[in-house]
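In: Have a look; sequence and predicted model below, questions after that.
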Amino acid sequence: MELSDVAADLTEVLLTEKQISDKIAELSRLIERDYEGERPLLVGVLKGAVMVMADLARELKLHIDMDWMAVSSYGAGTQSSGVVRILKDLDSDLHGRKVLIVEDIIDSGLTLSWLVKNLRARGADSVEICALLRKPEAAKVQVDVKYVGFDIPNAFVVGYGLDYAEKYRNLRGVGILAPHVYA
Ligand code: 5GP
């Protein structure tokens, strides 16, 4: 679905499909350089990271493994709860693995800071983060993100995996959701 198909639900187009794919290519070159000769385990955080994972994994000229976790985040609202609960755990053993967490967005940072600690405690060799979007003004905890696509304003965004009440995940770009949609 195109951003223009839901133009009435958006106040602003933030990122087009082209801007996103250019950025994914750029990040992939950095990741290839840093993991040369390695076989990293990409851990996608469901469901938002599905699109980033699919595009990043195909862009990478590296052998990788892929696994998925689901953790609780916003439910149907737009505010971070800070409560992290594992809804679906990994299938992989992390001992000695180089783990790269693939995320759609870092807002407060609460989810990721918890996740990094959790995965490190499982014996991973390294745990790094690749996030397409980051909201610097919303940060509540400092998270060391090695690969970041775009810093964006502190607004609720949808598209490219990001939903509001499960809608808009299939948009090709990212836009700011109009307040009338969630009012
Ligand atoms: P954090 O723990 O960093 O506050 O939140 C992380 C999670 O909250 C993200 O993985 C995402 O699921 C959700 N989230 C944060 N900001 C947004 C946003 O602007 N739009 C949407 N759709 N989800 C968001």
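Out: Noted; the coordinates are in hand. Numbering: from 1, shown residues only.
In: pLDDT weak spots in this protein?
Out: Applying pLDDT under 70 to the chain flags the ranges 73-83.
In: Where is the longest helix in it?
Out: For the chain, the longest helix by residue count, based on DSSP state H, is helix 17-34.
In: and it, how far from the chain's centre?
Out: The chain centre lies 14 Å from the centre of helix 17-34; the measure is Cα atoms, centre = their mean, to the nearest Å.
In: Whichever helix or strand comes after it to helix 17-34, inter-axis angle?
Out: Beyond helix 17-34 in the direction of the C-terminus, DSSP states H and E gives the next helix or strand as strand 41-46. For strand 41-46 against helix 17-34, the angle by axes from the mean of the first three to the mean of the last three Cα atoms, to 10 degrees is 150 degrees.
In: buried set for stretch 27-38?
Out: 27-28, 31, 34-35 (16 or more other Cβ atoms under 10 Å). In short, each C-beta sits where N, CA and C put it, glycine included.
In: so what does the longest helix of the chain touch, helix or strand wise?
Out: On a contact count with 3 or more Cβ pairs under 8 Å, 6 or more residues apart in numbering; DSSP states H and E, helix 17-34 meets helix 50-59, strand 126-134, strand 147-151.
In: Throw these into TSV and include mean neighbour count, thanks.
Out: Below are the helices and strands packed on helix 17-34 laid out as TSV (neighbours: other Cβ atoms under 10 Å):
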stretch	mean neighbour count
helix 50-59	19
strand 126-134	23
strand 147-151	17
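In: show me which of the buried residues of stretch 27-38 neighbour the ligand.
Out: Restricting the buried residues of stretch 27-38 to those touching the ligand (Cβ under 6 Å from any ligand atom) yields no residues.
In: List just the nearest of these to P153.
Out: Taking Cβ to Cβ as the measure, P153 lies nearest L27 of these, at 20.7 Å.
In: who does the spatially closest residue to the closest one that is not a sequence neighbour bridge with?
Out: The spatially closest residue to L27, leaving aside those adjacent along the chain, is Y147, at 5.0 Å (Cβ to Cβ, 6 or more residues apart in numbering). On DSSP bridges, the residues paired with Y147 through beta bridges are C130.
In: correct me, but Y147 touches I129?
Out: Yes - Y147 is within contact range of I129, at 7.1 Å (criterion: Cβ atoms under 8 Å).
In: What's the end-to-end length of stretch 139-158?
Out: Chord length of stretch 139-158, first to last residue, is 19 Å (Cα to Cα, to the nearest Å).
In: I appreciate the help and will end here.
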